[in-house]
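Q: Build me a structure from this.
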Amino acid sequence: MADSNSEKVVKKSVSIDAPADAPTRRKLSPKRSMGPKQQSLAAFTPDNYSDDEDDNFFHEDAQIAAVQYASKSSSSDSRQSPPGKGWTNGQITPQFTPAVTLHPHTREGRLALYNHHRRWINFQSSWSRIGKGSTEMDAVHSESAGGESVMTGCLMEEARTVRALVAQLCECFYKAGWATGTGGGVSIRVGGPKENRPYRVFVAPSGVQKEDMVGDDVFELNMDRDVVVPPKTPNMRMSACTPLWYVVYRHVKSAMCVIHTHSMHAQLATLLDPTEKSDCLRVTHLEMLKGVGNHSYDSLLEIPIIDNRPSEDQLADQLEAAIVKYPKCNAVLVRRHGVYVWGDSWEQAKAQCESFDYLFESAVKMKGMGLESGLLPKSGTYHVKDEHMVDSEDAGEEKKEDGSPPAKRRKVDPAFNAAGAVNNDADLECTGTTIPLLPRDSKILLLDIEGTTTSISFVKDTLFPYVLSNLGTYINSVESEDLVKLQEALESDLAGLPDLHPANVQVAKTKSELNCAKAFVTCYVRALMANDVKATGLKSMQGKMWKAGYASGELVGHLYSDFVPALKWCESNGVKVCIYSSGSIGAQKLLFGHTPEGDLTSYFGMHFDTTTGSKRETASYGNIAEALGAKPGEVVFVSDLEAEIHAAKEAGMVAVVAARPGNAPLREDTKGKFPVVRSLLQLCGAD
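A: Numbers count the residues shown, from 1 in each chain. Below you'll find the model as predicted:
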């Protein structure tokens, strides 16, 4: 490279003659100067390209690095590693030398760029697939490069390269929508015992636009989290994620990169459990499981979920516990926040982060289709017997006609929606029935709540426990006169049950010991709820308690993800939607008035509860049809309970079974007699 102070560089120039018929351009008057004269370049075209112009683009330290590299290369007789296979290309090409500078605007430049030069900045030999052969799931070609550092002889150049790589990764994640609003970050670790030198950790700063980051913004630390080299950019603040990156480095010895994103898919995946109490998200039988490390297509992946906190450093203990509990998973989700992903190299961490995000998006969209990402598909997929597989429900099932063993089913914990680990997939195989379409077959849709619009677990695991845990406080707040009325209403509920009903038997055991209205009410409520009795007096009291819970924000209603789209479709197509639930009308309006989607009560035409009659009695459905001013055959009723379905059909309504994941399987005497839907959207679609 010529010394600009001692020798004037002569530029090549190419004259381009204008066509004869080209219009004459008016000569513009010179613009007024806005300050000192600035260096500028002529407009670029493929024909006036001069590779000598390239020298002007080099930063001063880049020119120094190029000279050092040329000097080092001329004095060394060592040969470069041969190119590898697949994703690999041997050692990285020399950086910052005019010989490899690319101009992709020209055809030759594009050919050089896409034939020989990778787009990512790197400080190692190239990396292949998702691991280094540490487990049987790693798919590393025998000739692939192993990710060894090629810059150990020049640590300053390595540091400069890694800083630039951190900035490049942050820009990439911003473009993916994972690091908007200055959120997210990247940490890369280099060195270590395998290279006979201390670790150095490079971390992104906090509060910086990730798409505009530069290497000069990045911190360099040691493993004690001491700043070894501060950023060149003044007033930088270290990322709040830094304590968490070090938790990973301490517990995952092979980890050399940790990525934190605020991916929308990751955040929504943590909310698939309406109770927000699950400690992991389960995914199985998806192709991209191969991309997260330690798992294959038919593995059951469990991604731990920890609860968010006001500041990231407060997550350290939870993150540490999750890593210890789930050692096979290379990621941890943070509820209502995002995800942390790590790998044995930055390439592996990036590839796994992309694969995890694909799985999160799949889980969220499967939920909207009424499917659970953590359940084994019933058919149409590859099955293999391992320690996680058990015989089908019929333990005495004989071999198939061809002599092959019966199908196996994977053991799984209860799904998010399920009150238990219930497999009701067989209900979808009912034949001989036709799903009614709205509004072609009916313009009135009557819906149950539990197991139809809302998960059973929300009622059993959220609403009922709320009543029991706050029962004493509520009773103490009720006036004496109202308390007596409540006692009488509950006694009426019990009187409507057979003498030998478990609720009456439970009350009889302790009734002689009760001496005041508060004690009686407490005893009655606990007995009725313990035996899942749906009675008017009890429901009225529960509704009042839930009203206080919703008002305080302690309770938020749960909805299946297809419910709101179905409501909007019905509204736009003239279908009247009504609710018939064992919960009081007040409780129904509270639930639909306080949902993650806001107040939905305006979508409903009418509400019905047990004051209209028991949901198991045929007459109740006749009363509802009369109240709606319609014939029973003009109403479509959807519920998950067989007794209700049979009663509605006997009244003349079109009865449809809701087979939500986790709902109780249908009895044999019901299968094939009713149309079955997994999603309410299956009812929408015909004029």
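Q: Distance check, V575 against L447.
A: For V575, the distance to L447 (C-beta to C-beta, to the nearest Å) stands at 11 Å. Yep, even glycine has a C-beta here, placed from its N, CA and C like the rest.
Q: let me fix that: P439
A: 15 Å.
Q: How about A627?
A: 15 Å.
Q: out of those two, which sits in the busier spot?
A: L447 (22 against 12; other C-beta atoms under 10 Å).
Q: bridging residues for the more buried one?
A: I579, V638 (DSSP bridges).
Q: List the residues that contact it.
A: Each residue near L447 by C-beta atoms under 8 Å, 6 or more residues apart in numbering is listed here: T453, V577, C578, I579, Y580, F637, V638, S639, L680.
Q: Mind putting those into CSV with pLDDT?
A: Formatted as CSV, the contacts of L447 follow (pLDDT from 0 to 100):
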residue, pLDDT
T453, 94
V577, 97
C578, 97
I579, 97
Y580, 97
F637, 97
V638, 96
S639, 95
L680, 93
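Q: any idea which of the residues you listed is closest to G185?
A: T453 (39.9 Å; C-beta to C-beta).
Q: Distance-wise, check the closest one relative to K568.
A: 14 Å.
Q: Need the contacts of L447 in TSV (columns: distance to W245).
A: As requested, the contacts of L447 are exported to TSV (distance: C-beta to C-beta, whole Å):
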residue	distance to W245
T453	42
V577	50
C578	54
I579	49
Y580	53
F637	55
V638	49
S639	50
L680	44
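Q: who touches the spatially most central residue of the chain in this structure?
A: Closest residue to the average C-alpha location of the chain: A269 at 2.7 Å, with C-alpha atoms, centre = their mean. Counting by C-beta under 8 Å, 6+ apart, A269 touches L281, I303, L333, F360, A363, V364.
Q: List buried residues within those.
A: L281, I303, L333, F360, A363, V364 (16 or more other C-beta atoms under 10 Å).
Q: out of the residues you listed, which one sits closest to Y466?
A: L281 (25.0 Å).
Q: Could I get the phi/psi values of that closest one?
A: Note on L281: backbone dihedrals following degrees, to the nearest 10 are phi -110, psi 130.
Q: Distance of it relative to E372?
A: For L281 relative to E372 (C-beta to C-beta), the value is 11 Å.
Q: and K589, how many neighbours does it have?
A: There are 20 residues near K589, going by other C-beta under 10 Å.
Q: next one: R250
A: So R250, with other C-beta under 10 Å, has 12 neighbours.
Q: Now name the helix or strand holding it.
A: R250 belongs to helix 242-251 when assigned by DSSP states H and E.
Q: Mind listing residues that contact that helix?
A: Contacts of helix 242-251 (C-beta under 8 Å, 6+ apart): 187, 189, 199, 201, 203, 221, 223, 225, 255, 258, 260, 312-313, 315-316, 319-320, 323-324, 340, 342.
Q: quick revisit: show me just the buried residues among the contacts of L447.
A: Counted by 16+ other C-beta under 10 Å, the contacts of L447 give T453, V577, C578, I579, Y580, F637, V638, S639, L680 as buried.
Q: what residue ranges in the stretch 351-500 of the chain score low on pLDDT?
A: 378-433 (pLDDT under 70).
Q: Helix or strand for S620, just tell me which one.
A: Here S620 is assigned to helix 618-628, by DSSP H and E.
Q: Repeat that for V228.
A: strand 227-229.
Q: Report the next helix or strand after that strand in sequence order.
A: Past strand 227-229, the next helix or strand by DSSP H and E is strand 237-238.
Q: Who are the packing partners of that next one?
A: Packing partners of strand 237-238 (3 or more C-beta pairs under 8 Å, 6 or more residues apart in numbering; DSSP states H and E): strand 205-206.
Q: Mind listing the strands the strand it packs on pairs with, and their directions?
A: Short version: by DSSP bridges, strand 205-206 pairs with strand 237-238 (antiparallel).
Q: so how far is the partner strand from its chain's centroid?
A: Put simply, strand 237-238 sits 28 Å off its chain's centre (C-alpha atoms, centre = their mean, to the nearest Å).
Q: What lies in contact with that strand?
A: With C-beta under 8 Å, 6+ apart, strand 237-238 has contacts from V203, P205, S206, G207, F219, V227.
Q: and if you look at stretch 320-333?
A: With C-beta under 8 Å, 6+ apart, stretch 320-333 has contacts from 247-248, 251-252, 266, 269-270, 280-281, 292-295, 301-306, 319, 339-343, 352-353, 356.
Q: Which members of the residues you listed are classed as buried?
A: Buried among these (16+ other C-beta under 10 Å): 247-248, 252, 266, 269-270, 280-281, 292-295, 301-306, 319, 339-343, 352-353, 356.
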